[in-house]
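J.: quick check, what structure comes out for this input:
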Amino acid sequence: MDFINYKHILLIFVGFIAGIINTIAGGGSLLTLPMLIFMGLPSSVANGTNRIAILIQNFFSTAGFKSKGIHTFPFSIWMGVSALFGAIVGAYLGAIYFKDEIFNKILAVVMVLIVVYMIFKPKTSFTKLQERTKGNYFWIQIGTFFFIGIYGGFIQAGTGIFIILALNSIGHISLVKTNAIKAVVVILYTLSALVIYAYNDKIDYMMGLTLAIGNASGAWLASRYSVKKGDGLVRWFLIIMVSFMALKLWMPNLFTF
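T.: Okay, the predicted model is just below:
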């Protein structure tokens, strides 16, 4: 059947892996974007098409976390709105002030430092610490998410990882709950981008929805499994993905199709 062929099966499989990666850490689009381009989509269309899968993935991720008793409202909404406004600013800034190659290498160095920090930082049990989500810490995180949104609108890659680090470091929020908040933030963040891509006819809906089947399945599984396994799983998964992204940013031709 032409309706279901090897491309659809491959997209669902890659989307499934990306959904797991995005839910537990971040950086799954490093798999899905090259795959969409490899299947013949122009880069801009691949970027827009990928947003469909990301959006649906995070609805399923949010539902998965909620089914395990992880609730993040209304804090996650406030962070998402702040990131949304930041992303609008970042999109207008574009990539005119830095050459992509230089910016990517700077980002790679930053991510290596993040990995070193995560490996050697003292282990903290956030279950024994009070979450810092109110008062001054709330406003600090509102400002932080605005700048994360600017970064996301400017370059996109690794935004989820920075969300995790901000919530975990500033708010003393467990990695599992942090991922639940991240899912809501990304929903709000992605909605605006998706509208822009759709308006400019930069979406292949068939490929996007096919990819979304895989992303959503991976997100549902990962959200529920990570709650069961706790912060230890998330921490090491995050270290692996940050290391991978650093290599990819420093050597753009690494792991290409």
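J.: ok, now which ones touch the residue nearest the centre of the chain?
T.: Centroid-nearest residue in the chain, with C-alpha atoms, centre = their mean: residue 160, separated by 3.5 Å. Under the criterion of C-beta atoms under 8 Å, 6 or more residues apart in numbering, the neighbours of residue 160 are 22, 25-27, 182, 186. Where you see a C-beta, it was placed from the backbone N, CA and C, and this is true even at glycine.
J.: mind checking the SS state of it?
T.: The three-state assignment at residue 160 reads helix, by DSSP: H, G, I helix; E, B strand; the rest coil.
J.: per-residue confidence at it?
T.: For residue 160, the pLDDT comes out at 80.
J.: can I get the contacts of residue 160 in CSV including secondary structure, pLDDT and neighbour count?
T.: Below are the contacts of residue 160 laid out as CSV (DSSP: H, G, I helix; E, B strand; the rest coil; pLDDT from 0 to 100; neighbours: other C-beta atoms under 10 Å):
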residue, secondary structure, pLDDT, neighbour count
22, helix, 85, 30
25, coil, 76, 28
26, coil, 75, 26
27, coil, 73, 22
182, helix, 92, 31
186, helix, 89, 25
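J.: export these as a markdown table, with columns for distance to residue 211.
T.: Putting those into a markdown table (distance: C-beta to C-beta, whole Å) gives the following:
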| residue | distance to residue 211 |
| --- | --- |
| 22 | 12 |
| 25 | 19 |
| 26 | 17 |
| 27 | 16 |
| 182 | 20 |
| 186 | 16 |
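J.: show me what counts as buried in the helix or strand hosting residue 52.
T.: Per DSSP states H and E, residue 52 falls inside helix 43-67. With burial defined by 16 or more other C-beta atoms under 10 Å, the residues of helix 43-67 counted as buried are 45-62, 64-65.
J.: what number of residues lie near residue 145?
T.: 27 (other C-beta atoms under 10 Å).
J.: just list the residues touching the residue lying closest to it once chain neighbours are set aside, thanks.
T.: Spatial nearest neighbour of residue 145, excluding adjacent residues (C-beta to C-beta, 6 or more residues apart in numbering): residue 82 at 4.1 Å. Applying C-beta under 8 Å, 6+ apart, we find residue 82 in contact with 142-143, 145-146, 149.
J.: mind listing what's buried in the helix or strand encompassing residue 82?
T.: Using DSSP H and E, residue 82 maps to helix 75-93. Buried positions in helix 75-93, judged by neighbour count with 16+ other C-beta under 10 Å: 75-76, 78-84, 86-87, 90-91.
J.: for the stretch 1-150 of the chain, which spans come out with low pLDDT?
T.: 1-4, 91-108, 110-111, 114-115, 117-119, 121-129 (pLDDT under 70).
J.: if we can go back for a sec, top of the contacts of residue 82 by number of neighbours, please.
T.: Counting neighbours by other C-beta under 10 Å, residue 149 leads the contacts of residue 82 with 29 neighbours.
J.: how far does stretch 143-162 sit from its chain's centre?
T.: Chain-centre distance of stretch 143-162: 10 Å, with C-alpha atoms, centre = their mean, to the nearest Å.
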